[in-house]
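# for reference, the sequence and a predicted model appear below.
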Amino acid sequence: MSEGREKRRRQVRDAVERDLDRRQRRETGSGSFWRSLGVIGAVGWPIVLLAAGGALFGHWLDRRWDAGVRYALLLLTIGVAVGSYVAWHVVGGMRR
């Protein structure tokens, strides 16, 4: 019974040390807010701009060729996909 209790204490101690290490590595202060805001912008803008650009260009094509909403939806989808791909790589580059 004593071995089990000691093993549990070791596990708890290791977990607490691991959590303390994570907390020390994490940014604190006002800089973390601005960094988080920058990440949101770096992720959001590519998606929004490419999606909106695709939708506008698709709308123009639809009006020019009287195609309903075919090109607007197609280019909106492509814009979201490409924007998400760009955002994915931006976030991947930030982690390194």
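Structure's in. What do you need?

# just the helices in the protein please.
Assigned helices in the chain, in chain order: 2-25, 30-65, 70-95 (criterion: DSSP state H).

# in terms of mean pLDDT, which of those helices ranks lowest?
The weakest mean pLDDT among these belongs to helix 2-25, with a mean of 87.

# quick check: closest non-adjacent residue to Ile47.
Gly83 (3.6 Å; C-beta to C-beta, 6 or more residues apart in numbering). For the C-beta atoms, the positions are set from N, CA and C on the backbone; glycine is no exception.

# burial of that neighbour, as a residue count?
If you count neighbours by other C-beta atoms under 10 Å, Gly83 ends up with 22.

# hmm, it is touching Ala51, no?
Yes. Applying C-beta atoms under 8 Å, one finds Gly83 in contact with Ala51, separated by 5.8 Å.

# contacts for stretch 41-54, please.
For stretch 41-54, the external contacting residues (C-beta atoms under 8 Å, 6 or more residues apart in numbering) are 75-80, 82-84, 86-87, 90-91, 94.

# hmm, 6 Å instead?
Applying C-beta atoms under 6 Å, 6 or more residues apart in numbering, the contact partners of stretch 41-54 are 75-76, 78-80, 82-84, 86-87, 90.

# how about the CA coordinates for it, as PDB?
In PDB, the C-alpha atoms belonging to stretch 41-54 read as follows (Å, rounded to 0.1, in the frame of the first residue of the first chain):
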ATOM      1  CA  GLY A  41      -5.100  39.000 -38.000                       C
ATOM      2  CA  ALA A  42      -2.500  36.900 -39.700                       C
ATOM      3  CA  VAL A  43      -4.900  34.000 -39.800                       C
ATOM      4  CA  GLY A  44      -8.100  35.900 -40.600                       C
ATOM      5  CA  TRP A  45      -7.100  38.300 -43.300                       C
ATOM      6  CA  PRO A  46      -5.900  35.800 -45.900                       C
ATOM      7  CA  ILE A  47      -9.100  33.800 -45.600                       C
ATOM      8  CA  VAL A  48     -11.400  36.900 -45.700                       C
ATOM      9  CA  LEU A  49      -9.600  38.700 -48.500                       C
ATOM     10  CA  LEU A  50      -9.300  35.700 -50.800                       C
ATOM     11  CA  ALA A  51     -12.900  34.600 -50.100                       C
ATOM     12  CA  ALA A  52     -14.300  38.100 -50.700                       C
ATOM     13  CA  GLY A  53     -12.100  38.500 -53.800                       C
ATOM     14  CA  GLY A  54     -13.200  35.200 -55.200                       C
END
